Every structure is written in C-alpha cells, then in structure tokens.
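Need coordinates for the below:
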Amino acid sequence: FMVEFIFCEPSGFIGKIIRKLTGGRFSHVAVSIDGVVYEAVEFKGVIATNLNDWNEQRNFKIECELILVNDYLRFKQFLKSKVGGKYDYRGILSFLTFSQSQDENKWYCSELANEFFEVFFGETEKYLISPNAFYRKIKAFKVGLKR
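All right, here's what the predicted structure looks like:
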C-alpha cells in the first residue's frame with residue numbers, strides 16, 4: 001500500500017518567503033492516498049481533492065513516496081477526519097517568526113503531513129515543522145534513520 005507525500009515549489013510570494021526562511025526548495029506539502037490529495041491550504045483549510053484534478057491545478061510538484069504496510073484504514077480515516085479543519089494562521093506566523101505558537105485544532109500544510117506521519121509511529125503530538133524539515137525527515141526515514 002502506497003502513501004505519497006507531495007512536496008511542492010509554488011512560485012508565489014508566500015512560497016518564496018517560506019523557502020528563503022527554511023533554506024530549502026519546498027514551501028508546501030500534501031498527502032495522497034487512493035487517488036485523493038489531502039492538504040491544508042490558506043483561505044480554505046484542510047481539503048481533499050481528486051489526484052487528477054489536483055495535478056491539473058498544479059504543475060510544480062515533486063514527489064516523495066512512503067510505503068505503509070498495515071493499518072491502511074486507520075491512516076485514511078485520520079486524513080478524512082481532518083477535512084474541513086481550519087487553516088493554522090497562528091502556526092504559520094509563528095513558524096515564519098521562529099516562535100512556538102499554534103492552534104491545536106487548525107493546520108498548515110506540513111503540520112498536517114507531519115501529524116499523519118507521526119500517527120504511523122503511534123505518536124500524536126502536534127508540533128511546528130517546515131515543509132523542508134519534513135522533507136528531510138521523510139528522506140531520513142527512507143534510508144532507515146527513522147528520525
């Protein structure tokens with residue numbers, strides 16, 4: 001069973017700021033399962049989009065895959081349960097200002113992807129993480145470093 005973490009390089013103003021502050025090339029991340037992309041987007045909150053429709057709307061993705069071997073329904077249900085959640089403006093602002101303030105019931109993109117990833121390990125703590133830091137975490141996991 002395959003779960004895909006999709007790392008993006010949007011060219012907009014906010015994307016450029018995020019990339020500059022985090023020293024990497026990514027400013028957005030989404031999670032795809034069963035042809036559905038789950039992501040936290042400013043002004044929309046947490047949304048689910050058909051992968052084909054998502055691909056048509058965006059032409060700047062870079063993919064990083066993670067294979068999940070069990071509990072597929074648990075992970076899919078976790079992401080579905082977040083749809084409709086509000087965007088974490090306080091979290092993204094504190095992330096951009098290097099402080100530690102967030103709303104436990106709201107999400108920005110890498111917060112959502114990271115919590116999904118942490119659920120895989122049996123942990124549920126939510127914490128601030130940039131798309132680039134999350135990318136490094138996934139790459140380390142894929143080579144066996146886990147954290």
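
switch to C-alpha atoms for all contacts and neighbour counts from now on
OK.

For Glu63, which three-state class applies?
strand (DSSP: H, G, I helix; E, B strand; the rest coil).

how far out from the middle of the chain is the helix or strand that contains Phe134?
Assigned by DSSP states H and E, Phe134 falls within helix 131-142. Centroid separation for helix 131-142 versus its chain: 11 Å, with Cα atoms, centre = their mean, to the nearest Å.

Give the other helices and strands that it contacts.
Here helix 131-142 is seen to pack against helix 13-22, strand 61-67, helix 109-120 when contacts are counted using 3 or more Cα pairs under 8 Å, 6 or more residues apart in numbering; DSSP states H and E.

let's see it at 10 Å
Applying 3 or more Cα pairs under 10 Å, 6 or more residues apart in numbering; DSSP states H and E, one finds that helix 131-142 contacts strand 2-8, helix 13-22, strand 28-33, strand 61-67, helix 109-120.

what comes up buried for it?
131-135, 137-139 (16 or more other Cα atoms under 10 Å).

ok, residues contacting it?
5-8, 18-19, 22-30, 64-67, 108-111, 113-114, 117, 128-130, 144-147 (Cα atoms under 10 Å, 6 or more residues apart in numbering).

Following the chain past the worst-scoring helix or strand of the chain on mean pLDDT, name the next helix or strand.
Counting by mean pLDDT, DSSP states H and E, the chain has its least confident helix or strand at strand 61-67, which shows a mean of 69. Counting by DSSP H and E, the next helix or strand C-terminal to strand 61-67 is helix 72-82.
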